[in-house]
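In: Next comes the sequence, and after it the predicted model I'd like to discuss.
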Amino acid sequence: MIEDQEPFEDLRLGSGEVSGFRRHGAAGNKNAFKGLIAAEYSGVKVELVKNFEMGVSNKTPEFLKMNPLGKVPVLETPDGPVFESNAIARYIACLKDENPLLGASRIEQAHVEQWMDFAATEVDRSLAWHLYPRLGYLPYSQVTEETAIASLKRSLGALNTHLASKTFLVGDSVTLADIVVTCNLYLGFARILTKSFTSEFPHVERYFWTMVNQPNFKKVMGDVQQAVSVPPIPKKTAPAKEPKTKDVKKETPKEAPKPKEVEAPVEEEAPKPKPKNPLDLLPPSKMILDEWKRLYSNTKTNFREVAIKGFWDMYDPEGYSLWFCDYKYNDENTVSFVTMNKVGGFLQRMDLCRKYAFGKMLVIGSEPPFKVKGLWLFRGQEIPKFVMDEVYDMELYEWTKVDISDEAQKERVSAMIEDQEPFEGEALLDAKCFK
Ligand SMILES: N[C@@H](CCC(=O)N[C@@H](CS)C(=O)NCC(=O)O)C(=O)O
């Protein structure tokens with residue numbers, strides 16, 4: 001890992017949007033993210049230009065001298081300005097001697113370039129032709145959209161194959177390739193690529209969530225949320241009709257403007273009555289999940305005698321089921337903090353079932369590759385369908401229902417709840433609880 005304490009270079013990044021996004025944590029400008037994330041990894045300080053106004057500041061003669069296109073981001077350096085987000089990220093990375101972001105050998109450097117070009121010319125281009133017409137920045141045509149989707153699927157398919165056995169795109173740590181590819185994917189994940197689209201590419205999903213949960217990515221991007229719906233096709237004309245409840249995009253421009261990234265409208269559908277969760281319709285259980293969670297949290301001593309015994313006293317095998325999970329790609333777990341973050345991300349995404357579940361996740365081993373195993377208690381006899389559908393991590397694990405009539409399995413449940421160490425003969429690197 002790169003230390004943060006190195007001396008800072010002072011640079012300016014000409015995009016006021018970024019500071020705004022960081023401050024508000026809303027959807028951001030993926031092009032400006034690239035340089036800022038590279039700066040976090042490289043110990044370079046980038047000062048954001050204050051009071052930057054999109055559409056105004058980037059059209060002034062001064063700005064056009066720095067970038068004749070009038071686009072952001074632009075980096076002002078002591079030696080002159082640089083535009084194009086990939087070039088900016090590369091310049092920033094080059095400020096640190098022997099920066100691992102650039103690749104450790106000549107071939108790695110070439111591979112870093114390869115994926116950066118792939119991000120710009122394959123992923124970003126197809127994504128733009130899928131997304132921008134729906135946001136009203138390009139004219140919409142079904143044929144264009146179908147072509148864009150086919151091309152995007154081809155790119156993501158290739159990426160998925162590459163990532164099947166890899167945590168990072170190049171080598172064993174984050175490089176510029178990961179920064180650039182992740183930022184370009186970000187636009188898709190945040191704005192149009194819903195879970196039903198991305199689930200076809202499980203390794204891309206795993207990779208994306210692993211990357212955006214790295215501390216240096218998170219500092220810049222904040223919490224990333226996946227789009228829950230595809231923005232609707234804008235209406236051809238914008239007649240002065242009665243307003244809808246929600247603000248939809250303004251009129252579609254007649255001339256096809258250049259794709260540009262501006263704040264997207266929050267596309268929401270008319271609120272539908274929320275269907276009841278089927279788990280709420282199950283026959284009542286004598287086990288009160290919150291009581292168990294309280295007992296777990298409040299037991300500080302004699303854990304076995306108090307909490308574990310209490311658990312088995314409370315456990316209702318008719319109202320609840322217990323499940324072991326085993327990560328399918330343990331050989332990828334070569335970096336301790338990446339593995340722990342991966343598990344942390346999984347638990348965050350399980351938030352949607354907090355009312356119906358309790359879990360323990362163990363990161364096992366004192367040396368890589370680390371094993372990730374867990375124990376989950378779910379309301380009902382099956383793993384809830386909405387969890388399987390919504391949480392992409394679920395399919396990265398092998399799930400086995402616990403047979404509590406088997407004393408060995410029961411003991412394994414107790415050991416997992418207790419973070420018993422050694423666990424199955426190995427040290428624990430980390431134990432996380434979902435409660
Ligand atoms: N290839 C450029 C794209 C830059 C770009 O499209 N910037 C958008 C904002 S993300 C912009 O400034 N649009 C303003 C315009 O088109 O006038 C890069 O990667 O930096």
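Out: It's in.
In: How about the secondary structure of the closest residue in space to Trp209 that isn't next to it in sequence?
Out: Spatial nearest neighbour of Trp209, excluding adjacent residues (Cβ to Cβ, 6 or more residues apart in numbering): Gly345 at 5.1 Å. Every residue, glycine included, has its C-beta placed from N, CA and C. Put simply, Gly345 is helix when judged by DSSP: H, G, I helix; E, B strand; the rest coil.
In: For Gly345, list the residues it contacts.
Out: Contacts for Gly345 (Cβ atoms under 8 Å, 6 or more residues apart in numbering) come out as Trp209, Thr210, Asn213, Asp393.
In: Which residues does the helix or strand encompassing the second one contact?
Out: Translated: Thr210. Assigned by DSSP states H and E, Thr210 belongs to helix 202-212. Outside helix 202-212, the residues that touch it by Cβ under 8 Å, 6+ apart are 156, 159-161, 163-164, 167, 174, 178, 182, 185-186, 189, 198-199, 217-218, 221, 224, 329, 338, 341-342, 345, 349, 392-393, 395-396.
In: 7 Å - rerun?
Out: Helix 202-212 is contacted by residues 156, 159-160, 163-164, 167, 178, 182, 185-186, 189, 198-199, 217-218, 221, 224, 338, 341-342, 345, 392, 395-396 when judged by Cβ atoms under 7 Å, 6 or more residues apart in numbering.
In: How is the protein divided into domains?
Out: The chain breaks down into these domains under automatic domain parsing: 10-94, 280-434.
In: Highest mean neighbour count out of the ones you listed?
Out: Among the domains of the chain, judged by mean count of other Cβ atoms under 10 Å, the one packed with the most neighbours on average is domain 10-94 (a mean of 19).
In: on that earlier part again, and the domains of the chain, which one averages the lowest pLDDT?
Out: Least confident of the domains of the chain, judged by mean pLDDT, is domain 10-94 with a mean of 80.
In: can you tell me the residue of the stretch 301-435 of the chain closest to the ligand?
Out: The stretch 301-435 of the chain approaches the ligand most closely through Gly345 (26.2 Å), counting by Cβ to the nearest ligand atom.
In: what about that residue, distance to Glu146?
Out: 33 Å (Cβ to Cβ, to the nearest Å).
In: And for Leu135?
Out: Distance from Leu135 to Glu146, by Cβ to Cβ: 18 Å.
In: One more: Arg379?
Out: Noted for Arg379: a distance of 41 Å to Glu146, by Cβ to Cβ.
In: cool, Thr175 as well?
Out: On the measure of Cβ to Cβ, Thr175 and Glu146 end up 34 Å apart.
In: Between those two, point out the one with more neighbours.
Out: Counted by other Cβ atoms under 10 Å, Thr175 and Glu146 do not tie: Thr175 has more neighbours, with 28 against 11.
In: so who does the more buried one touch?
Out: Pro100, Leu101, Leu102, Gly103, Val112, Phe168, Leu169.
In: Trp399 looks like it's in a strand, true?
Out: Yes: membership of Trp399 in a strand is supported by three-state DSSP.
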